[in-house]
Structure formats: C-alpha cells, structure tokens
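K.L.:
Build me a model from this:
(one chain, ligands or ions: 1)
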Amino acid sequence: MTEIPNPFLRAGRRIFKFLVWRLGPDPDLEKVHLIFCEGEDENGVPCRANSGECSDLETAKKFPFTHAKVHPEHRSYGRLSYHPMIMAPQEEPA
Ligand SMILES: [Zn+2]
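P.N.:
Numbers count the residues shown, from 1 in each chain. Purely as a prediction, here's the structure:
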C-alpha cells in the first residue's frame, strides 16, 4: 500500500504543528491612560490640553478637575487608553 502524504501536514521538508493561540493582557507592561480637553476657545481653536500619559487611571481622571479651575468653560473631555496585550500558544511547542 502506498502512503499518500497529507499536504496540510507536510509541505516539502517542513512539518507544521497546529497550535491554539490565546490573546491576553501582557503582565510585563503597564496600561497607559491619557485624558484630553475637547474644549475650544472663543475662536473655535481646540484646547487639547491633556493629563500626560498616566499608568494609573485615577491619576489621569484628576486632570479635568484641575483644568476646570483655569478653564471652567471647557467641559468636554476624551480618554485614550493603551492596554498592552500578548499572543501566546496555549502549549509551547517542543
Ligand atoms: Zn481645555
């Protein structure tokens, strides 16, 4: 009996192993949060003042309160958050 190679497992001299991959948070890197002002001056120029990059969300959330002391008319804000993630096989290949 002649063995018929399975093209999905062998291609030339390469052998492939199918792995189950998982995507999750990267424990070695910190999240980054930034809150910025979306207010405008009387000429329609965006303010864009921001909290700077903060690893702690609560620290970033303090920015609108300090900014409002100087610009009480600026009441719109946006938040950007970076969540580092990592892909890893469920089981490392041998
Ligand atoms: Zn502002």
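K.L.:
can you list the residues of the protein near the ion?
P.N.:
37, 39, 47, 49, 71, 74 (Cβ under 5 Å from the ion). No exception for glycine: its C-beta is placed from N, CA and C like everyone else's.
K.L.:
what residues are up against the spatially closest residue to residue 71 that is not a sequence neighbour?
P.N.:
Spatial nearest neighbour of residue 71, chain neighbours left out: residue 39 (6.2 Å); criterion: Cβ to Cβ, 6 or more residues apart in numbering. When contacts are counted by Cβ atoms under 8 Å, 6 or more residues apart in numbering, residue 39 touches 46, 47, 71, 73, 74, 75, 76.
K.L.:
Residue 42 and residue 66: what is the separation?
P.N.:
From residue 42 over to residue 66 the distance is 22 Å, taken as Cβ to Cβ, to the nearest Å.
K.L.:
try residue 12
P.N.:
63 Å.
K.L.:
Those two: which has the busier surroundings?
P.N.:
Counting neighbours by other Cβ atoms under 10 Å for residue 12 and for residue 66 shows that residue 66 has the greater number, 10 against 5.
K.L.:
part of a helix, is the more buried one?
P.N.:
Yes. With DSSP: H, G, I helix; E, B strand; the rest coil as the criterion, residue 66 is located in a helix.
K.L.:
State the distance from it to the ion.
P.N.:
Counting by Cβ to the ion, to the nearest Å, the gap from residue 66 to the ion is 11 Å.
K.L.:
before we move on, back to that, give me the buried entries from the residues of the chain next to the ion.
P.N.:
Among those, those classed as buried by neighbour count (16 or more other Cβ atoms under 10 Å) are 37, 39, 47, 49, 74.
K.L.:
Could you give the bridge partners of the first one?
P.N.:
For residue 37, the beta-bridge partners are residue 77 (DSSP bridges).
K.L.:
Just to check, it is in contact with residue 50?
P.N.:
Yes. Using Cβ atoms under 8 Å, residue 37 is in contact with residue 50, at 7.0 Å.
K.L.:
where do the contact lists of those two overlap?
P.N.:
With Cβ under 8 Å, 6+ apart as the test, residue 37 and residue 50 reach no residue in common.
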